[in-house]
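Student: Let's see this in three dimensions:
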Amino acid sequence: MPANPFEDPATGYRVLCNERGQRSLWPARLPVPDGWRVELSETSLDNARAHVERVWPDVRPAPSAAAAPGTAGTLPVLFERVVAGHRNLPAVESGCTALTYGELAARVNRLARRLIADGLGPGDLVGICVPRGTDQVTAALAVTTAGAGYVPLDPGYPAELLHRMAADSGLRTLLYTGRPPVRVSGLETLDLAAPDPDSRPDRPVTDEERRRPLRVEDTAYVIYTSGSTGTPKGVVVPHAGMAALAETQRRWIGPGPGDRVLQWASFNFDAGFWDLTLALLSGATLVLTDDRAVLPGEELRRTLIDRRISHAVLPPVALTATDPDGVLPGGVVLSTGDSCTQALVARWAPGRRMFNGYGPTEMTVGVTMAGPVRPGEPVSIGEPWPGNEVRVLDVDLKPCQPGEDGELYLVGEGEALGYLNRPALTAERFVADPYGRPGSRMYRSGDLGHQDKDGTLYFAGRADRQVKLRGFRVELGEVEAALESCEGVRIAAVVVAGEVDSARLVAFAVPGADPADGLAEELRGRLAARLPAHMVPSRVEVVDALPMTSNGKIDRRDLERRAAVRAATPAAAVDLSDPVAALCALTARILGVPVIAPDDNFFDQGGHSVLAVRLAKAVRDEWGRDLPVRAVFERSTMAELAGLLTSD
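Tutor: Take a look at the predicted model:
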């Protein structure tokens, strides 16, 4: 497909503005859509970006902006409606704790009033740094009930990353349990485990109690995603898409009282919000576990069976690693987060209803759905949700013919407000819509796809350097920028090696003069201190130079071949009578590294949860011995882990 019209430095650009004060970068060669006026005439891309940064201080609408009529579509109202009809039914289960809808609502409303008393409301952002459990669910619902938006901060993330996210989002308050994970000037902290000295009513919170009435245009949450410039970007999601989300779940999946929905995804990702709403906006029960109980493979399978799960949303990597036998009988499984294959449909569709979902964080969790999908049929991403549309457009923003690949432009009620504190990036990705109502926008997804003659949509990959890794969205440029910021690195490149459950990041770094011994492992350690685990390369190779193409660009295909060859190198034959040596050799093969030592840690050498599952499976398949996945997390060294393989 030709280069995108919004990313060509040789093209002249205009800056357009609509009546809501939103801006859009626009190729000067294209007609101006209805409802938009030219604010800055033709100029360079850099000048257009700089102009937007000067004139658009916040992508969130000002309090004086015209409000949408009514607030019926806000998350608090949708939740209250379900509570009113299902007060005595189980809402959440977490370990030995279970709450009915009435009990959960009481906790939510008391905490919301506590936040309102602290001056929080519409326009504010509140951080939530709480492990999986009822406190996490209560906090998210309470923040939105107070009128503010929540920002999830995963307690497992590096402190440096949490600090950057908290500072970037301008949090006023942080809700936490345990110890405060970050300290930012002016940030108030509230320990959810500490008792509230005041007795507060638990009835529903009204607009009269809030600082101002809650509107569908107000922020519900901000999710941070990987950013190509080296800094994660916060996607600002309003309440406007909540009603369409609930209607989609009702229409396609139909959850309700008696159903049990697994909270599989981390709350730090919007898939976790899907799990929450699938249960709590339908009268079903949300089942919460610790992180290790949902590890792909036997741990996840046992959890699905033992907790009697009827509905689960799982990415292809988890479906690939998990045996479907006896799981979700007569229930529902939704594949999302990456491309679903016919092989996965053949394994998982029989005996249950299976769906395939598509959509980025920028469109309130998703935008299309296919299903129930059936074995032997092509796997599509289906059709748009209620209130949403997908446009397949060519380089001139003209509709593509059936079967012709184009870029997917997404529009509708679920559209995010933009990227927090990044108006220029927002103007590049949320652009004027030539086909919608005057002044409307469409989200430029960067995904490629096509429609068939019946209008069914098919995904065909990415048009840029963003990748999906084990269901996580990763901008390779962010990892490269982090690596190049490390002292002693002159230039770096990052590629993906492996397929689905074996996929991993491999980095190549060109050092400055006289690189120190052990630089590769030192660099991995530095990255681990500032990036989430799924963005840390499993291997860093220090090289004299990066290969170049004939036009002077980094030859990433050559690097991908190098990474693939190393990952595919078989381990030498080992003596199974020496379990330590045998396990080290097998682990080196799984991780795609030259050697693993007895005192090495699996995760320090590039391992992650899915590779831990592969290691356990390899031990079982090749040696006929049992290695629990949990043990890979709990044992510090390979020698300790090998102790479990000693024959009785």
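Student: From here on, just use CA atoms for contacts and neighbour counts.
Tutor: Noted.
Student: the domain parsing of this protein - what is it?
Tutor: The chain breaks down into these domains under automatic domain parsing: 13-57+390-462, 70-277, 289-386, 469-568, 579-645.
Student: what about the stretch 1-150 of the chain, any weak spots by pLDDT?
Tutor: 1-4, 7-9, 63-72 (pLDDT under 70).
Student: I'd like the domains of the chain as JSON lines, with mean neighbour count and distance to residue 283 appended.
Tutor: Formatted as JSON lines, the domains of the chain follow (neighbours: other Cα atoms under 10 Å; distance: least, Cα to Cα, whole Å):
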{"stretch": "domain 13-57+390-462", "mean neighbour count": "20", "distance to residue 283": "22"}
{"stretch": "domain 70-277", "mean neighbour count": "20", "distance to residue 283": "5"}
{"stretch": "domain 289-386", "mean neighbour count": "20", "distance to residue 283": "13"}
{"stretch": "domain 469-568", "mean neighbour count": "18", "distance to residue 283": "28"}
{"stretch": "domain 579-645", "mean neighbour count": "19", "distance to residue 283": "32"}
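Student: mean pLDDT lowest for which of those domains?
Tutor: Among the domains of the chain, domain 469-568 has the lowest mean pLDDT, at a mean of 76.
Student: Would you tell me what the next helix or strand after the helix ranked longest in the chain is?
Tutor: The longest helix of the chain (DSSP state H) is helix 101-117. Next helix or strand after helix 101-117 toward the C-terminus (DSSP states H and E): strand 125-129.
Student: so the very next helix or strand once past that following strand versus strand 125-129, what angle?
Tutor: Going down the chain from strand 125-129, the next helix or strand is helix 134-146, by DSSP H and E. With axes from the mean of the first three to the mean of the last three Cα atoms, to 10 degrees applied, the angle from helix 134-146 to strand 125-129 works out at 180 degrees.
Student: what residues does helix 134-146 touch?
Tutor: 75-76, 92-94, 97, 104, 107-109, 111-113, 115-116, 120-122, 126, 128, 130, 149-150, 175, 192, 205, 210, 220, 276, 288 (Cα atoms under 8 Å, 6 or more residues apart in numbering).
Student: ditto for stretch 31-45
Tutor: Identification of contacts with stretch 31-45 by Cα under 8 Å, 6+ apart yields 9-19, 26, 28, 48, 51, 432-434, 437-440.
Student: Return the residues in contact with the closest residue in space to residue 222 that isn't next to it in sequence.
Tutor: Among residues not flanking residue 222 along the chain, residue 236 sits closest, at 4.7 Å (Cα to Cα, 6 or more residues apart in numbering). Shown in contact with residue 236 (Cα under 8 Å, 6+ apart): 60, 219-223, 362, 416-420.
Student: Let's see that with 10 Å instead.
Tutor: Residue 236 sits next to 59-60, 149-151, 218-224, 361-362, 364, 415-421 when contact means Cα atoms under 10 Å, 6 or more residues apart in numbering.
Student: Repeat that for residue 525.
Tutor: Counting by Cα under 10 Å, 6+ apart, residue 525 has contacts 519, 536, 604.
Student: If you count contacts, what does the helix or strand residue 620 falls within end up packed against?
Tutor: Using DSSP H and E, residue 620 maps to helix 609-623. Other helices and strands packing on helix 609-623, by 3 or more Cα pairs under 10 Å, 6 or more residues apart in numbering; DSSP states H and E, are helix 298-306, helix 316-321, helix 579-591, helix 629-634.
Student: try 8 Å
Tutor: Helix 609-623 is packed against helix 316-321, helix 579-591, helix 629-634, with contacts defined by 3 or more Cα pairs under 8 Å, 6 or more residues apart in numbering; DSSP states H and E.
Student: what about those, which gets the closest to residue 457?
Tutor: With respect to residue 457, and counting by Cα to Cα, the nearest of these is helix 316-321 at 18.7 Å.
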